[in-house]
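Novice: A structural model of the following input is requested.
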Amino acid sequence: MLETIPDKIDQECHTEEAIQAWLVSQLAEGLEVDPEEIDIQEPFESYNLESADALILLGRLENYLGREVSPTLLWNYPNIEALAERLAEDSNS
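Specialist: Below is the predicted model:
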């Protein structure tokens, strides 16, 4: 599903909305669906992400944010909306 980790993306303002859009884009790409089919309130587990896919997504997320993230984030914040909110809080602190 998800393959390689892209090169580090230039730093930008990581607002909740920007993080949500990025996560939707990555998930849609990995699932080969239109981004409009991704519901930000739907649990990650409903998209049938395997452990390897989740780790790849987290690696890409670290590159996008320019910092390390906990490997348990997808379990502690089970949907895009909750995860983006938490990550935006971290980016603003």
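
Novice: quick one, helices of this protein?
Specialist: For the chain, helices defined by DSSP state H occupy the ranges 16-31, 51-65, 73-76, 80-91.

Novice: switch those helices over to a markdown table; also include distance to P43.
Specialist: Every C-beta, even on glycine, is put in place using the N, C-alpha and C of the backbone. As requested, the helices of the chain are exported to a markdown table (distance: least, Cβ to Cβ, whole Å):
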| stretch | distance to P43 |
| --- | --- |
| helix 16-31 | 12 |
| helix 51-65 | 12 |
| helix 73-76 | 10 |
| helix 80-91 | 10 |
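
Novice: and E42, which of these is closest to it?
Specialist: helix 80-91 (7.8 Å; Cβ to Cβ).

Novice: what residues of that closest one count as buried?
Specialist: 80-84, 86-88, 91 (16 or more other Cβ atoms under 10 Å).

Novice: spatially central residue for this structure, please.
Specialist: In the chain, the centroid-proximal residue (Cα atoms, centre = their mean) is L23; its distance is 3.8 Å.

Novice: thought it was touching E81?
Specialist: No: counting by Cβ atoms under 8 Å, L23 sits too far from E81 to count as a contact (9.4 Å).

Novice: what do these two both touch?
Specialist: Counting by Cβ atoms under 8 Å, 6 or more residues apart in numbering, the shared contacts of L23 and E81 are I40.

Novice: follow-up on the earlier one: reformat the helices of the chain as a markdown table; add mean pLDDT and distance to E45.
Specialist: As requested, the helices of the chain are exported to a markdown table (pLDDT from 0 to 100; distance: least, Cβ to Cβ, whole Å):
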| stretch | mean pLDDT | distance to E45 |
| --- | --- | --- |
| helix 16-31 | 95 | 12 |
| helix 51-65 | 92 | 10 |
| helix 73-76 | 90 | 9 |
| helix 80-91 | 92 | 12 |
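
Novice: these: which one's closest to F44?
Specialist: Closest among those, once you apply Cβ to Cβ, is helix 73-76, at 5.3 Å.

Novice: now that closest one, how far from the centre of its chain.
Specialist: How far helix 73-76 lies from its chain's middle: 11 Å, per Cα atoms, centre = their mean, to the nearest Å.
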